[in-house]
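K.L.:
generate a structure from the sequence data that follows.
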Amino acid sequence: MFHPIAYQSTCHDANVTATLLPVIYRMPTRTRFGLLVLGVGAAILLLVARFLTPSPSGNGTHQQLGLPPCTMVTLLGRPCPFCGMTTAWSWLLRGEIKRAANANAGGLLAGILAILLSVWLTMTAIKGRWWLVRPNPRMIFALSLCFSVVTLTDWIYRLWITS
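P.N.:
Numbers count the residues shown, from 1 in each chain. Modelled structure (predicted):
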């Protein structure tokens, strides 16, 4: 577990009380490298999404990368919860928030998180300690739950209400 500040006690004489000196924690090099790879990787995904042309239908933008159409759409004729996420990222990176939300609200949220994560992970790797905030299981669970609820709610809305 990473602690930004650890304390070390020093005592030179048995009659002297211990003094606490702050020791600044630095992450191991391989941890910093891993965080840098994740941060730069997120930035590359965002850059790719920026250069894709958003599909006017709201989904299918990923096919410009040579990927096949959604299997659920092909087999069942209905979109999956992730249909429109690439389109949402592409609209988001053009500043078209409303169009991004219309394509896939979960994709919009994921795109915003990717922007924040790319900066946060890169800065953490450069500094060698957690920048601004240190992650914890509750925070990760809350973000995951929020993403899941938004994505599933948007999917249900697109599947049963707008169809």
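K.L.:
check Gly58 and give its pLDDT.
P.N.:
With respect to pLDDT, Gly58 scores 85.
K.L.:
cool, and Tyr25?
P.N.:
Tyr25 carries a pLDDT value of 72.
K.L.:
ok, Gly77 - how many residues close by?
P.N.:
The tally of other residues near Gly77 (other Cβ atoms under 10 Å) stands at 7. In short, each C-beta sits where N, CA and C put it, glycine included.
K.L.:
give me the phi and psi for it.
P.N.:
Backbone torsions of Gly77, given as degrees, to the nearest 10, read phi 70, psi 10.
K.L.:
that one and Arg158: what is the separation?
P.N.:
Distance of Gly77 to Arg158, given as Cβ to Cβ, to the nearest Å: 13 Å.
K.L.:
check contacts around Cys146.
P.N.:
Listed by Cβ atoms under 8 Å, 6 or more residues apart in numbering, the contact partners of Cys146 are Leu109.
K.L.:
on the three-state scheme, it is what?
P.N.:
Following DSSP: H, G, I helix; E, B strand; the rest coil, Cys146 is assigned to helix.
K.L.:
next one: it from Met139, what distance?
P.N.:
Counting by Cβ to Cβ - Cys146 and Met139 are separated by 11 Å.
K.L.:
and Phe51, by the same measure?
P.N.:
Separation of Phe51 from Met139 (Cβ to Cβ): 32 Å.
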